[in-house]
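> Attaching a predicted model along with its sequence, questions to come.
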Amino acid sequence: MTSLNRRRLLQVSAGLSLASACPAWAQSRSDDWSGDVAILREVWEAMHPGIYRYSTPAEITTRLDTLAETWRAPGSFRERFLALTRVTASIRCGHTYPSPYNGDDAMVAAMYPDRSLVPFRFRWIDGRMVVTQDHTPASALPRGTVVTAIDGVATKALLARLVPLARADGGNDAKRINLMEVRGEDRFETFDIHLPLILPLKDEAAFTLADGRIVRAPLLTLAERQSRLAPSASPTRDANPWTLESLPNGVRRLTMPSWALFNSTFAWEAWLGETMDALSSQRARGLIIDLRGNEGGLDCGNLILSRLIDRDLPLSRNQRWTRYRSAPASVRPYLHTWDRSFLDWGDQAQPSTERPGFYRLTRYDDDAEGTVIRPAGTRFTGPVAVLCDASNSSATFGFAQAVQQSGAAKLIGQPTGGNRRGINGGTFFFLKLPASGIEIDLPLIANFPDTPQPDAAIQPHVLVQTTADDIASGRDPQMAAATSLVMER
């Protein structure tokens with residue numbers, strides 16, 4: 001099954017729109033947008049597969065009623081967008097949110113109207129911002145600098161207000177904190193969108209450091225932020241986004257920052273298959289797969305696993321469920337995607353007494369049980385370590401689950417994104433609300449575990465945290481731990 005990443009989704013669907021709504025950015029914010037909420041309500045109630053995974057129908061109704069009242073009253077775009085974000089985040093679904101990737105230029109311009117972005121990249125450690133890359137003109141915030149307040153507001157207080165706005169599955173706040181970092185991996189950073197909603201910034205800000213100093217520095221525009229991105233953040237269609245290194249100790253390191261290859265002409269299956277097959281003939285001592293920062297995309301991990309196992313690996317938890325067989329005619333004008341067949345699953349979606357209110361979706365199954373990974377190619381029997389973190393929340397979350405289930409490798413690093421109670425995703429509609437012009441991602445498929453599971457991430461076999469000192473000195477403790485593990489086996 002194609003398990004798509006939330007990043008760059010609509011880049012394949014610009015020419016496949018099922019609808020064209022006219023945004024109302026130029027209109028006064030006194031306009032009544034409550035009609036958009038009625039559309040959102042109908043779509044979610046009929047089609048969202050995870051709408052009631054963590055909320056009751058009454059809770060969803062109350063939140064949407066409150067949003068309709070807010071969007072009916074006069075208010076700024078940011079006030080209205082903040083109200084919407086609170087509602088989409090409350091679904092506790094990592095694939096449900098208003099997306100700049102899948103919105104149009106007018107929506108992006110409204111999200112980024114000012115010079116309001118912090119002039120550095122950073123990680124959150126213990127509620128403080130630790131700079132990983134300085135973009136101030138005077139190099140005033142070097143790598144490893146610890147920021148404790150912005151314009152006098154403590155960073156711990158800011159993070160507490162930002163976390164409820166982030167999209168993530170269930171109670172996985174590690175994913176929410178991960179999203180509120182600026183790592184230089186995205187064209188649109190979640191933190192950049194949301195900080196101005198709770199702390200209005202413009203042109204310049206004062207940054208309080210851990211040693212008590214206050215540094216004033218100019219803020220960035222979106223264009224300036226994006227000008228500093230590495231080419232890998234927006235790869236060409238035929239580019240290989242992955243790298244394979246031969247380390248001095250005979251270990252191979254496969255770095256995979258993204259599996260979002262659905263619009264790529266890169267022959268990834270052939271390359272990855274040949275790479276995995278060659279490990280044995282080259283007598284590689286071990287393999288380290290670096291998935292840090294990789295939210296997912298295609299199920300590339302299945303091919304990796306096919307070279308690590310010696311028997312069929314059924315992923316029974318990958319059974320797929322949808323809330324609809326055919327999309328309601330009344331909402332079809334507001335839906336667009338890359339595959340029109342998502343409008344009507346037909347006989348591939350069957351009602352089941354196992355899960356009332358859902359249809360069992362068989363379109364992507366390998367057999368009656370769901371997805372089965374079968375041994376293929378040349379099996380690699382050396383030690384394998386997978387570097388994971390809270391970014392891993394879609395296809396990479398599924399891979400981490402399969403690694404634990406099969407015992408084919410060891411997970412090293414930090415807890416994943418996603419949720420052991422199941423996630424929503426797989427295929428998507430992009431819901432374009434006509435009055436506001438805002439686009440909201442709508443996942444179409446849910447999976448649920450075979451047995452009751454905790455509301456939690458997948459824990460790595462070896463937990464390795466990063467400290468501010470690690471960042472300041474350029475150390476990579478996760479890589480060091482993975483190297484040690486594969487060398488010892």
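Yep, it's here.

> list the contacts for residue 32?
By Cβ atoms under 8 Å, 6 or more residues apart in numbering, the contact list for residue 32 reads 71, 72, 435. Bear in mind the C-beta positions are built from the backbone N, C-alpha and C, glycine included.

> I should have written residue 382 there, sorry.
279, 280, 284, 285, 286, 287, 486, 489.

> at 7 Å instead, please
For residue 382, the contact set (Cβ atoms under 7 Å, 6 or more residues apart in numbering) comprises 279, 284, 285, 286, 287.

> what's the pLDDT at the residue positioned nearest the centre of the chain?
The chain has residue 295 as the residue nearest its centroid, 4.7 Å off, counting by Cα atoms, centre = their mean. pLDDT recorded at residue 295 is 95.

> Confirm for me that it is in contact with residue 390.
No - Residue 295 lies out of contact with residue 390 (Cβ atoms under 7 Å); the separation is 9.8 Å.

> where does the stretch 101-250 of the chain dip in pLDDT?
Low-confidence segments of the stretch 101-250 of the chain, defined by pLDDT under 70: 232-233, 235.

> So which residues of it form strands?
Applying DSSP state E, counting those that start in this stretch to the stretch 101-250 of the chain gives strands spanning 120-125, 128-134, 146-150, 153-154, 204-209, 214-218, 243-246.

> Relative to residue 187, tell me which of those wins on proximity.
Nearest to residue 187 among the strands of the stretch 101-250 of the chain is strand 120-125; the distance by Cβ to Cβ comes to 13.8 Å.

> Now distance to residue 254 and mean neighbour count too, for the strands of the stretch 101-250 of the chain, in JSON lines please.
Shown next, in JSON lines, are those (distance: least, Cβ to Cβ, whole Å; neighbours: other Cβ atoms under 10 Å):
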{"stretch": "strand 120-125", "distance to residue 254": "23", "mean neighbour count": "20"}
{"stretch": "strand 128-134", "distance to residue 254": "23", "mean neighbour count": "22"}
{"stretch": "strand 146-150", "distance to residue 254": "33", "mean neighbour count": "18"}
{"stretch": "strand 153-154", "distance to residue 254": "40", "mean neighbour count": "14"}
{"stretch": "strand 204-209", "distance to residue 254": "37", "mean neighbour count": "17"}
{"stretch": "strand 214-218", "distance to residue 254": "38", "mean neighbour count": "14"}
{"stretch": "strand 243-246", "distance to residue 254": "5", "mean neighbour count": "12"}
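
> export those to TSV and tack on distance to residue 372?
Supplementary listing: these in TSV, determined by distance: least, Cβ to Cβ, whole Å:
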stretch	distance to residue 372
strand 120-125	38
strand 128-134	41
strand 146-150	48
strand 153-154	51
strand 204-209	52
strand 214-218	54
strand 243-246	27
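
> Nearest to residue 291 among these would be which one?
Of the strands of the stretch 101-250 of the chain, nearest to residue 291 by Cβ to Cβ is strand 243-246, at 13.0 Å.

> Next secondary structure after the closest one?
Sequence order places strand 251-255 as the next helix or strand after strand 243-246, per DSSP states H and E.

> Tell me the strands beside that next one, with direction?
Applying DSSP bridges to the sheet, strand 251-255 is found paired with strand 243-246 (antiparallel), strand 286-290 (parallel).

> and the ones you listed as CSV, adding distance to residue 419?
CSV is the format used below for these (distance: least, Cβ to Cβ, whole Å):
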stretch, distance to residue 419
strand 243-246, 30
strand 286-290, 22
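
> For the stretch 151-300 of the chain, which segments count as helices?
For the stretch 151-300 of the chain, the helices defined by DSSP state H, counting those that start in this stretch cover 155-162, 173-179, 190-198, 222-227, 268-281, 300-306.

> Counting by contacts, list what the third one packs against.
Contact here means 3 or more Cβ pairs under 7 Å, 6 or more residues apart in numbering; DSSP states H and E; on that basis helix 190-198 packs against helix 77-90, helix 155-162.

> Quick check: buried residues in that helix?
Residues of helix 190-198 classed as buried by neighbour count (16 or more other Cβ atoms under 10 Å): 190, 191, 192, 193, 194, 195, 196, 197.

> Show the end-to-end separation of stretch 412-430, please.
End-to-end distance for stretch 412-430: 35 Å, by Cα to Cα, to the nearest Å.

> Report the separation between the nearest residue to residue 422 once chain neighbours are set aside and residue 287.
Counting by Cβ to Cβ, 6 or more residues apart in numbering, the nearest residue to residue 422 once its immediate chain neighbours are dropped is residue 448, at 4.4 Å. Residue 448 is 32 Å from residue 287, where distance means Cβ to Cβ, to the nearest Å.

> Comparing those two, which residue is more hemmed in?
The neighbour comparison of residue 448 against residue 287 (other Cβ atoms under 10 Å) goes to residue 287, with 25 against 18.

> All good on my end, thank you.
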